[in-house]
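Next one to model:
(one chain, ligands or ions: 1)
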Amino acid sequence: MGRANILPMKTLVIGGNGFIGCHLVDHLLNSGHSVRVIDRYPSRFREPLPAVDYQIGDLGNHGEIAAAVKDIDWVFHLAYTTLPQTSNDDPVYDIRSNIADSVQLFQECRQSNVKKVIFISSGGTVYGVPKTSPIKEDHTTEPICSYGITKLAIEKYLYLFYTQWGLDYVVLRFSNPYGVLQNPRAKQGVIGVFLGAAAEGKPINIFGDGETVRDYIYVTDAARALVCAAEYQPGPSDPRIFNIGAGRGHSLNEIVDEIKKNIDRPVTVNYQPGRPVDVPSNVLDIKLAEKHLQWSAQTELGAGLKETWNWITSLNTA
Ligand SMILES: NC(=O)c1ccc[n+]([C@@H]2O[C@H](COP(=O)([O-])OP(=O)(O)OC[C@H]3O[C@@H](n4cnc5c(N)ncnc54)[C@H](O)[C@@H]3O)[C@@H](O)[C@H]2O)c1
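Numbers count the residues shown, from 1 in each chain. Here you go, the predicted model:
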């Protein structure tokens with residue numbers, strides 16, 4: 001079964017004030033759905049939208065989550081306390097804050113008769129060192145960072161809740177989203193960080209020789225995939241786990257070349273020693289999502305870079 005005509009739904013976006021969350025909220029509103037957001041913090045980069053029911057709360061606070069999921073049809077689970085690069089520093093914290101609180105959330109969803117949970121997993125980490133490229137969803141999963149393991153464990157709990165208690169779900173294993181509203185000073189998101197450095201006239205830092213290959217997806221394409229996943233009406237044996245990326249890779253050196261083509265400032269690069277959690281190449285096969293979710297990535301890298309650059313420079317001059 002594929003997607004069908006969908007009535008307006010009541011949606012909850014957990015982590016909806018973050019980078020991807022804000023774009024998802026926009027896309028849900030544009031698709032006619034009503035939106036509640038629960039997040040620890042307000043958005044750092046934009047004002048609240050009048051159409052959204054914002055709540056400040058924590059995934060780890062069961063009372064707040066139980067209240068937030070009440071009368072909700074679709075729950076988008078975007079809140080995460082760790083990053084791939086740093087999760088190995090404290091795996092116990094990763095397990096406690098992400099797995100336990102997610103499973104508690106699924107209990108609340110089950111009790112509130114939520115129709116579907118949509119979870120963002122990680123195409124960049126759950127597979128580990130790829131044996132084939134592009135990587136299909138049935139590739140072996142041998143993560144080399146705790147973040148990948150906790151994402152995978154949460155995927156398994158979603159399967160458990162679906163098979164045992166009928167709570168439906170879709171998992172999207174994202175590649176590397178980039179774009180407007182991604183914090184250029186964050187530890188994640190090389191395109192935003194590279195553009196942020198260029199905007200401040202600083203050198204771009206590359207870990208390794210710059211030949212590390214990644215699959216980059218523009219954030220509005222990623223947000224659209226989340227809504228397609230919610231609208232997707234799978235039968236019992238249809239797939240529920242999908243890769244979401246551009247389906248093609250670029251080395252960091254190619255990203256720098258593309259940045260040079262699209263911005264009007266000098267760009268310098270500072271090469272630093274490689275990091276152990278960085279697999280050499282990660283490119284996702286996105287055919288399953290194209291077929292079942294009727295979704296595809298539409299934004300070319302150059303266009304996405306330009307839009308992101310315009311936003312970052314507007315921040316710097318504000
Ligand atoms: N950005 C990426 O490169 C990328 C890649 C793959 C997967 N993901 C996943 O996508 C999701 C969203 O990522 P993002 O890039 O928008 O991150 P983000 O940090 O910009 O947004 C996450 C939001 O969740 C909120 N949050 C975190 N922990 C919370 C908690 N316990 N309770 C309530 N709110 C909490 C934060 O305040 C933040 O607003 C995450 O699950 C992340 O792991 C991101």
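
can we go C-alpha only for contacts and neighbour counts from here?
Will do.

For I206, what are phi and psi?
Backbone geometry at I206, expressed as degrees, to the nearest 10, gives phi -120, psi 130.

what's the nearest residue to it if we skip its chain neighbours?
For I206, ignoring the flanking residues on the chain, the nearest one in space by Cα to Cα, 6 or more residues apart in numbering is Y271 at 4.8 Å.

Confirm the one you found sits in a strand?
Yes. Using DSSP: H, G, I helix; E, B strand; the rest coil, the assignment for Y271 is a strand.

Tell me the predicted confidence for it.
According to the prediction, Y271 has pLDDT 95.

Hmm, it is touching P203, no?
No. Look at Y271 against P203 with Cα atoms under 8 Å: they stay out of range, at 9.6 Å.

between these two, which one's more packed in?
Neighbours per residue (other Cα atoms under 10 Å) separate Y271 from P203, with P203 holding more: 17 against 13.

I'd say that one and R265 touch.
No. Using Cα under 8 Å, P203 is not in contact with R265, being 11.6 Å away.

Find residues that contact each of those two.
Here P203 and R265 share no contacting residue, scored by Cα atoms under 8 Å, 6 or more residues apart in numbering.

got the contact list for the longest helix seen in the chain?
As assigned by DSSP state H, the longest helix anywhere in the chain is helix 146-165. With contact meaning Cα under 8 Å, 6+ apart, helix 146-165 is reached by 82-84, 87-88, 91, 94-95, 98-99, 102-103, 106, 110, 119, 121-122, 125-127, 143, 167-169, 171.

which parts of the protein sit against the ligand?
15, 17-21, 39-41, 57-60, 78-81, 120-122, 174-177, 188-189 (Cα under 6 Å from any ligand atom).

Weed out the non-buried ones from these.
15, 17-21, 39-40, 57-60, 78-80, 120-122, 174-177, 188-189 (16 or more other Cα atoms under 10 Å).
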